[in-house]
Each structure stands twice: as C-alpha cells, then as structure tokens.
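Novice: Sequence and predicted structure are below.
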Amino acid sequence: MGVNNGTVQTLMSDFLRTSGGVAVIDGGFATELERHGADLNDPLWSAKCLLTSTDLVRQVHLDYLEAGADIIITASYQATIQGFGAKGFSKEESEAMLKKSVDIACEARKIYYERCRNSASNYTSDGKILKNRPILVAASVGSYGAYLADGSEYSGDYGDAMDLEFLKSFHRRRVQVLSESGADLIAFETVPNKIEAQAYAELLEEGIKIPAWFSFNSKDGVNVVSGDSLIECAKIADSCPKVVAVGINCTPPRFISGLIQSIKKVTTKPILIYPNSGETYDAELKQWVKNTGVPDEDFVSYVNKWCEIGASLVGGCCRTTPNTIKAICRTLPSRSSYLA
Ligand SMILES: [Zn+2]
C-alpha cells in the first residue's frame, strides 16, 4: 500500500497531500485492452481477460503507471460472482477471480516500484515516468447495469420492479471479497442511478474495512444517466462516512465543469473526474461511435480548469489511453516539475 498510517477516513486526504493536491487516475482500461487486440465481446467485458490474458491486464496497469497515474483501477468492473457463475465457475472460483483482479494490479505496482528503484531518473528517454510516489489500487465495482451487459449502465433504467434489497444482495459478496483483497479502496464506477448509490452506501456500513469512491455518469450534463438528480446522488455519497471522494466518470468532457459545480454544492469531499473521450457507446452495435469526441489535446486543455473549480483527482475513462494520462500529467503544475 502506497500511503502509510492512513485510516479509512483520512486515506484520501493523506494521499492527496502527498500527491501535491491533485492525483492522477488511470485512463480507459477495457478499451485499452481492446486497443491491444483483446476481444471483449462477452458479458464479462474486461473481466474476460482475467480468465484469458492476465499478462495483458498487468501490462496495461503498468502502462498507466509509467504514464504517470497515481491510482490504478482493477479489471473487476464487470467481474461478478453471478457473471462467472453463468460461465460455469463455482462460487469459490468466482471469488478467487475477483481477488485475482486486485492481485494483478498489486503486482504491477510492485514491478513499477522496482523499475523506479533501478532507474537513474524520474523520466526516461522513451517518455516513461518512473517516479517513486504513493500509488493506490482501487478495486472496481461496476453497476448492476454493467453486469446485464446490455448498455443499461448508460440508461440507469432497471425497471419499476427494482428494489434496494435486490441490489444490495446482488453486490454484497463481491464488495466483501474485494474489500478483503488487499486493495486500498473500492471504486464504485459509472453509478447510473440513486437506488444503486443507496445500495452501495448501505453495504459499506456492513463492516467494510476500506474506503470507497462513488463515481456517477451523466449524458445530459445535469442529472445522472437515469434522470435522477446528481445532487441527490452526491448527497448520498456525502453522508456515507466510508466514501472518501465523489465524482463523475465515463461522461463526455464538455459536461464536466457543470457537473463539478453541482457536486460542490453538496459535499466538501474530494471530487474526482475521469471523463471518456467524448464518443458514445452504441449498445446495439456494441461499438463506440464518433460524435463530439475531442482529441487528447483538447480533452487535456480542460483539466486545469476542472482543478480550479474543485476537482482533485483527474484521469480518463473509455477510449482514453496512456497518452491521455501522460498529457494530463504534463499539464498539471504539480506534476510538470518531474517531467521536464
Ligand atoms: Zn468508461
């Protein structure tokens, strides 16, 4: 673990202090696996690589560390006990797979630290950042909609019959296993609606021993994707003592400033931002389609503005790459010092 003496509540503030006020999150993980040739057309999506391509998973984590990320997010976004079960794995095997997603990220961090130790400078001639610094491993938990693998993490529509207890029991064991796996925190990502945020907040109170962040997604720049109020969602995160950061991921860059302003109204917890490239995922085509996608340079030109208005953790989501993360590091005043 990269930060010493941290308690659950102070983990993120301690971490941000040692990171110079702003920390860098990694970039798109599943889409980066795909860019390296992985076929993720599967209900497990990126978690399929936990079964077939662990070396690639480790390599992509390392690529993000060498691009300057301070926080790497595990391949467990769409890894669920139910999803592995549907492929014939036992409960024990499925739980082992969850643990493995964290183990691989921790291995990458260990290899990275070795490379830092063996490197004469913080920045190599081929553009790698090898700077010894605190690094956190965040265990990803994607939404119930992500498990459904039908794009409903972008609609947030779970039907009228959905209830809180169902969602809690869906996520309970997975969250327990990930919280005992050696990860530093849990990243609840792409949270599409209020009921799922509530379910996570209540699960965290069931004796979970590591902190978490809540990251919502939006497709209108005002509400979360289901149409539920972002303000109300952020309030749920704010009132949960285990939640150490609140924010937005997998949302077009152009919406981010407004969303930060909304979140700020209801919480003083650190705000995290990791937008996608601005393209849209077409669930039927199972493809990212271009619309208002912004190239890396434009995406990055927003970053300091986001920090000025309140973000303190910044990275990228789907279709962003290690180059995006490098460019984010280069633009942050607190980082540029070791990237000369
Ligand atoms: Zn994404």
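Specialist: Now that the structure is in, tell me what you want to look at. Numbering: from 1, shown residues only.
Novice: Please count neighbours and contacts with C-alpha atoms only from this point.
Specialist: Noted.
Novice: how far out from the middle of the chain is the helix or strand where Ala234 lies?
Specialist: Assigned by DSSP states H and E, Ala234 belongs to helix 230-239. Relative to the chain's own centre, helix 230-239 is displaced by 18 Å; criterion: Cα atoms, centre = their mean, to the nearest Å.
Novice: Counting neighbours, which bits of it end up buried?
Specialist: Neighbour counts over helix 230-239 (16 or more other Cα atoms under 10 Å) mark Leu230, Ile231, Glu232, Cys233, Ala234, Lys235, Ile236, Ala237, Asp238 as buried.
Novice: Make CSV out of those residues and add pLDDT.
Specialist: Output for those, formatted as CSV (pLDDT from 0 to 100):
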residue, pLDDT
Leu230, 98
Ile231, 98
Glu232, 98
Cys233, 98
Ala234, 98
Lys235, 98
Ile236, 98
Ala237, 98
Asp238, 98
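Novice: All the strands of the stretch 101-250 of the chain, in order from the start?
Specialist: Ranges of strands in the stretch 101-250 of the chain, per DSSP state E, counting those that start in this stretch, are 136-141, 185-191, 212-216, 243-249.
Novice: Switch the buried residues of helix 230-239 over to CSV; also include distance to the ion.
Specialist: Shown next, in CSV, are the buried residues of helix 230-239 (distance: Cα to the ion, whole Å):
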residue, distance to the ion
Leu230, 18
Ile231, 21
Glu232, 22
Cys233, 19
Ala234, 19
Lys235, 23
Ile236, 22
Ala237, 20
Asp238, 23
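Novice: which two from those end up farthest apart in space?
Specialist: Spatially, the most separated pair among the buried residues of helix 230-239 is Leu230 and Asp238, at 11.9 Å (Cα to Cα).
Novice: Number of residues surrounding Lys128?
Specialist: As a burial measure, Lys128 scores 17 neighbours (other Cα atoms under 10 Å).
Novice: List the contacts of it.
Specialist: Glu66, Ala67 (Cα atoms under 8 Å, 6 or more residues apart in numbering).
Novice: So, low pLDDT: which residues of this structure?
Specialist: For the chain, the stretches flagged by pLDDT under 70 are 1-6, 291-297, 337-340.
Novice: of all the residues in it, which ones are close to the ion?
Specialist: With Cα under 5 Å from the ion as the criterion, the chain comes near the ion at residues Cys250, Cys317, Cys318.
Novice: State the distance from the closest residue in space to Ser119 that isn't next to it in sequence to the ion.
Specialist: Distance criterion Cα to Cα, 6 or more residues apart in numbering; nearest residue to Ser119, sequence neighbours excluded, is Leu130 at 7.0 Å. The gap separating Leu130 from the ion is 26 Å, by Cα to the ion, to the nearest Å.
Novice: mind giving me JSON lines with the strands of the stretch 101-250 of the chain and columns for mean neighbour count?
Specialist: As requested, those are arranged in JSON lines below (neighbours: other Cα atoms under 10 Å):
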{"stretch": "strand 136-141", "mean neighbour count": "27"}
{"stretch": "strand 185-191", "mean neighbour count": "26"}
{"stretch": "strand 212-216", "mean neighbour count": "27"}
{"stretch": "strand 243-249", "mean neighbour count": "27"}
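Novice: Show the contacting residues for the one residue in the stretch 51-200 of the chain that gets nearest to the ion.
Specialist: Proximity of the stretch 51-200 of the chain to the ion (Cα to the ion) peaks at Thr190, 7.3 Å away. Counting by Cα under 8 Å, 6+ apart, Thr190 touches Gly142, Ser143, Glu153, Ser215, Phe216, Asn217, Ile248, Asn249, Cys250.
Novice: let's go with 10 Å and repeat that
Specialist: By Cα atoms under 10 Å, 6 or more residues apart in numbering, the contact list for Thr190 reads 77, 141-143, 145-146, 153-154, 156, 214-218, 224-225, 247-251, 317.
Novice: now Lys269
Specialist: Going by Cα under 10 Å, 6+ apart, Lys269 touches Met12, Ser13, Trp213, Ala237, Asp238, Val243, Val244, Ala245, Val246, Gly247, Ile263, Ser312.
Novice: change it to 6 Å
Specialist: The contact partners of Lys269, taken as Cα atoms under 6 Å, 6 or more residues apart in numbering, are Ala245.
Novice: next one: Val22
Specialist: Val22 neighbours (Cα under 6 Å, 6+ apart): Leu16, Ser312, Leu313.
Novice: so the second one, which of the three states?
Specialist: Put plainly, it is Ser312. strand (DSSP: H, G, I helix; E, B strand; the rest coil).
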